[in-house]
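[1] Below is the sequence, then the predicted model.
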Number of protein chains: 2
Amino acid sequence: MTGSELVRGERADRNGPFLAAEAVRLGLDPARITVVGDRPEDLEQAFRQGLEADLCLVTGGLGPTHDDRTIELVARAAGRELVVDDALEQEIEGVSRMFAARLGRPYEDFARGVRKQATLPVGALSLGLAGTAPGVVLDTSGCVVVVLPGPPRELRRLWPRALETDPVRRVLERAPPRERVVLRFYGPPESGVAEALAEAGGDGDGVEVTICAREFEIHVDLVVEPGAEERGAALARIMRERLGKYLFSEDERTIAEIVLDLCRARGLTLATAESCTGGMVAARLTGVPGASDVFRGSIVAYANDVKATELGVSEEVLATYGAVSSETAAAMAHGVRARLGADLGVAVTGVAGPGGGTEEKPVGLVLVHVAGPDGEEARRTELPGDREMIRGRATAASLHLVRRLLESRHTST
Amino acid sequence: MTGSELVRGERADRNGPFLAAEAVRLGLDPARITVVGDRPEDLEQAFRQGLEADLCLVTGGLGPTHDDRTIELVARAAGRELVVDDALEQEIEGVSRMFAARLGRPYEDFARGVRKQATLPVGALSLGLAGTAPGVVLDTSGCVVVVLPGPPRELRRLWPRALETDPVRRVLERAPPRERVVLRFYGPPESGVAEALAEAGGDGDGVEVTICAREFEIHVDLVVEPGAEERGAALARIMRERLGKYLFSEDERTIAEIVLDLCRARGLTLATAESCTGGMVAARLTGVPGASDVFRGSIVAYANDVKATELGVSEEVLATYGAVSSETAAAMAHGVRARLGADLGVAVTGVAGPGGGTEEKPVGLVLVHVAGPDGEEARRTELPGDREMIRGRATAASLHLVRRLLESRHTST
């Protein structure tokens, strides 16, 4: 992944994780993700090393300026000359003339950049344009190189086309078909998961295990080589047996998607009442297309009097127990159910930090409450971490509490 | 950065961007960020390459299991033997005995891992523990290696201690003091920024320019080598002159921080009324510590009838103009001001996609409205991108509209 803003940490690389996950999905084995800046010597060294793999995916540096040197340096590393693709040049010229006209600038200002972007290594395939830069596939001896634009949206538009080219298809055909097993746990200690895995024989012997912990969810992914299916099945079975009470999913849906699906299956609507999470629970739910079937809305009652006026939390409860209390969380949950006419109300209140903590109610204390037509659930927890981690973990805790209530009280209609 | 979940794209690396930004802050020049998995051959190769730099920062793989091989392979790449640090072993044993007791497990299960984590390269400095793994600094000939735990929280606890060690201090002293100029623009076309930069002579000659575009903010960072101060000042001046109407900040505060500061300086409170952004505007504001001085709360009116009942949008407006209209946005802004007792109300409504668009109101259409004691502002915009990009861009647009209203109508009290 190339770009000075990436290597200087201005922006976190998103293309690397996306392409790595795609590689895994397609049965490939990502060995390395490298982020370099714009310096030619760094780029060239990275490309030479990349060419040692079966498939090398490169992003960025395809623009029209002199700083954009990806194509030139990939060609150099692969020992290929550069040649102008006339048809491609005409295509890019067409797009650039439109831009020039829109900007009220003479086309001549763009001409040199156009020629540059139409210049490809000999033998390369063009994937077509996203913007003015073409994606490129180059089949060298031993390595297939795919070069894509840096902007994630342009990359994702051209990536599927790369998968349809002959060179990339040939690499993918050589990848052994691998079975994937996905296990999602909520709440176990990370050591507990490590122990269950060790009991099951650990990874290796054809089963690669990846464990990823995020907001107290533990994601266990098994990639099973052909021939190791029995071992993979045995490992998965032992993990399920040892950690069954924490297992909440065997697919890759997020907890927000799972909650929405559970509500939809039961014909229930949902609203959130938030304080320290400040709208994050609602934001996660609405990030899922189709949430409007289920999600009615949210009241973020950041100031205490807003908890009273908008959620009907009584002044008495606020004065007696405080804004951060299980009593207030319960009142918020019932209040938002009533106010927004939702079947389910989930409320969260807590101390996100860094300030605001006391001995009795320290930073990280979070109360969650969910109320529905068939019952309610409440949780009190002390979350570690900084402000953003506490807010993120509280958000996940809220969604998991809704899941637990729905799974325990009701079966699908 | 090491870890199979990173190289497989399960999780995006956060440590790389954090450490790279720290390096830039300290006057260093990040050349490369490499993410590798757990395979020894990949790790060893990455470490050998890393040792070619003046400073090599390594994260991950410091746990007690046999898969955690970072220390062993760093030592091998640096040509150092390994030795057990007795004092460190006692320290880690103490922590592990506590864990063992808490888990109800015999200490013997942990003993081997403890010895392993107390084993360091000859001559290494321990930075102390985060969890059970020590951070380590190793001064080799030509390269100072800093090894830190993978979990970001543990890394950030030990990183400042690394900066205080003699080997790291010596590297930092050799870094030339560099001036940094930060320019933040909202709304210019990326090509306009590229042209202004070209007019100013482009980067190079002692001034390194990084341009990063995010949600229509353009972040321009200049890093000025000693001796190039005049060139840096001239470049900055030309950028300000050419793009002055888009310039909104010369520091690194986020737009959420800027809006909160502007409100606080004027003694004003703020509330949001959201639909397609689903709570993201509120979530960004509440992500800033101290937001409670200013932010009252939010009403996320995802269902249309909630816009009517909770924000007072009349049924007539909804029926005549629809939920996605400037009239509805205005009514939502005024409604949330009144309901939550805030001085300023900012509302956003739109079509986030992928479904829900029509010829007249396509995916990406967003209406924003801010109302305050001294006036109001409204914007209608058609945002490109997928659902998350539209929501993110709409969130930024809302915050920038508040900024523009406050900057145009009112001076600080």
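    Nice, thanks for sending it over.

[2] For A:A196, give me the pLDDT.
    For A:A196, the model assigns a pLDDT of 87.

[3] dump the residue contacts of the residue of the stretch 101-250 of chain A found nearest chain B.
    Of all residues in the stretch 101-250 of chain A, the one sitting closest to chain B is A:C212 (4.1 Å; CB to the nearest CB). Every C-beta, even on glycine, is put in place using the N, C-alpha and C of the backbone. A:C212 is in contact with A:I218, A:H219, A:D221, B:E5, B:E10, B:R11, counting by CB atoms under 8 Å, 6 or more residues apart in numbering or on different chains.

[4] and the helix or strand that contains it, which residues are buried?
    Using DSSP states H and E, A:C212 sits within strand A:207-214. Residues A:V207, A:E208, A:V209, A:T210, A:I211, A:C212 are the ones in strand A:207-214 that count as buried (16 or more other CB atoms under 10 Å in any protein chain shown).

[5] how much distance is there from that strand to the middle of the chain?
    15 Å (CA atoms, centre = their mean, to the nearest Å).

[6] least trustworthy helix or strand in chain A by mean pLDDT?
    helix A:4-7 (a mean of 75; mean pLDDT, DSSP states H and E).

[7] which residues in the stretch 301-413 of chain A form strands?
    A:344-350, A:365-372, A:375-382 (DSSP state E, counting those that start in this stretch).

[8] Tell me which of these lies nearest to chain B.
    Smallest distance to chain B across the strands of the stretch 301-413 of chain A (CB to the nearest CB): 12.0 Å, for strand A:344-350.

[9] relative to strand A:365-372, how tilted is that closest one?
    Counting by axes from the mean of the first three to the mean of the last three CA atoms, to 10 degrees, strand A:344-350 lies at 170 degrees to strand A:365-372.

[10] Tell me the residues of the stretch 101-250 of chain A that contact chain B?
    The stretch 101-250 of chain A comes close to chain B at residues A:L103, A:R153, A:P189, A:S191, A:A194, A:E208, A:T210, A:I211, A:C212, A:R214, A:H219, A:D221, as judged by CB under 8 Å from any CB of the partner chain.

[11] so where does the last one fall, helix or strand?
    For A:D221, the host element (DSSP H and E) is strand A:217-224.

[12] again with the second one
    Taking DSSP H and E as the definition, A:R153 sits inside helix A:152-163.

[13] got the contact list for the helix or strand just after the strand holding A:D221?
    Next along the chain after strand A:217-224, taking DSSP H and E as the criterion, comes helix A:229-243. With CB under 8 Å, 6+ apart as the test, helix A:229-243 has contacts from A:179, A:181, A:183, A:185, A:188, A:192-193, A:195-197, A:199-201, A:205-207, A:209, A:220, A:222, A:224, A:247.

[14] Give me the mean pLDDT for helix A:229-243.
    93.

[15] Then stretch A:383-402?
    Throughout stretch A:383-402, pLDDT has a mean value of 95.

[16] again, but for stretch A:258-275
    So the average pLDDT for stretch A:258-275 ends up being 98.

[17] buried ones in it?
    A:258-264, A:266, A:268-275.

[18] Show me the subset of those that also lies near chain B.
    Checking the buried residues of stretch A:258-275 against chain B by CB under 8 Å from any CB, the ones in range are A:T272, A:E274.

[19] Which members of the buried residues of stretch A:258-275 occur in strands, if any?
    A:L270, A:A271, A:T272, A:A273, A:E274 (DSSP state E).

[20] Thought A:A282 was touching the third one, still the case?
    Yes. Counting by CB atoms under 8 Å, A:T272 does reach A:A282; the two are 5.0 Å apart.

[21] shared neighbours of these two, anything?
    A:S298, B:G279, B:V300.

[22] Surely the first one is in a strand?
    Yes. A:S298: assigned to a strand according to DSSP: H, G, I helix; E, B strand; the rest coil.

[23] Okay, and the beta partners of it?
    In this entry, A:S298 is beta-bridged to A:T272, B:V300, by DSSP bridges.

[24] Pretty sure it sits against B:S298.
    Yes. Between A:S298 and B:S298 there is a contact under CB under 8 Å: 7.3 Å.

[25] shared neighbours of these two, anything?
    Residues within reach of A:S298 and of B:S298 at once, by CB under 8 Å, 6+ apart, are A:G279, B:G279.

[26] and chain A, what are its domains?
    A:4-174, A:180-249, A:255-412 (automatic domain parsing).

[27] Which stretch among those domains is buried most, on average?
    For the domains of chain A, average neighbour numbers computed from mean count of other CB atoms under 10 Å in any protein chain shown are highest in domain A:255-412, which has a mean of 21.

[28] Looking at chain A, which helix is longest?
    For chain A, the helix with the greatest residue count under DSSP state H is helix A:387-409.

[29] do that one and chain B meet?
    Yes. Judged by CB under 8 Å from any CB, helix A:387-409 and chain B are in contact via A:R387, A:E388, A:M389, A:R391.
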